[in-house]
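Colleague: pasting the sequence and the predicted model now:
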Amino acid sequence: MTLDVDKQNMTIMGVRFTNKQEFRVVWYAISSNMIEGWNPTKEDVKNLQRQANEMRLVTENG
């Protein structure tokens, strides 16, 4: 499986990111796990995006 990533538009499998750091974190997490045999779905990308966003907000708000 090849991961559909658009760096310029910051999308992964058609899921658009608005935060560059979250985009990179999710991309790394997905690609690292794909090496181990995981085949992510669009729903997986959305879930990871949500989790990355929540973690960023917690970090920013202490």
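Modeller: Yep, it's here.

Colleague: what is the helix or strand bottoming out on mean pLDDT in the chain packed up against?
Modeller: Using mean pLDDT, DSSP states H and E, the weakest-scoring helix or strand in the chain turns out to be helix 42-61, at a mean of 93. If contacts are counted by 3 or more C-beta pairs under 8 Å, 6 or more residues apart in numbering; DSSP states H and E, helix 42-61 sits against strand 15-16, helix 20-35. Yep, even glycine has a C-beta here, placed from its N, CA and C like the rest.

Colleague: okay, these in JSON lines with mean neighbour count next?
Modeller: Listed next are those as JSON lines, based on neighbours: other C-beta atoms under 10 Å:
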{"stretch": "strand 15-16", "mean neighbour count": "14"}
{"stretch": "helix 20-35", "mean neighbour count": "15"}
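
Colleague: I'd like these written out as JSON lines, with mean pLDDT added.
Modeller: Formatted as JSON lines, those follow (pLDDT from 0 to 100):
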{"stretch": "strand 15-16", "mean pLDDT": "98"}
{"stretch": "helix 20-35", "mean pLDDT": "97"}
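
Colleague: JSON lines for those, including distance to residue 45?
Modeller: Below are the helices and strands packed on helix 42-61 laid out as JSON lines (distance: least, C-beta to C-beta, whole Å):
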{"stretch": "strand 15-16", "distance to residue 45": "4"}
{"stretch": "helix 20-35", "distance to residue 45": "7"}
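
Colleague: for residue 42, which of those is the nearest?
Modeller: Closest to residue 42 of the helices and strands packed on helix 42-61, according to C-beta to C-beta: strand 15-16, at 6.4 Å.

Colleague: quick one on the thing from earlier: buried set for the least confident helix or strand of the chain?
Modeller: For helix 42-61, burial by neighbour count (16 or more other C-beta atoms under 10 Å) applies to 44-45, 48-49, 52.

Colleague: okay then, goodbye and thanks.
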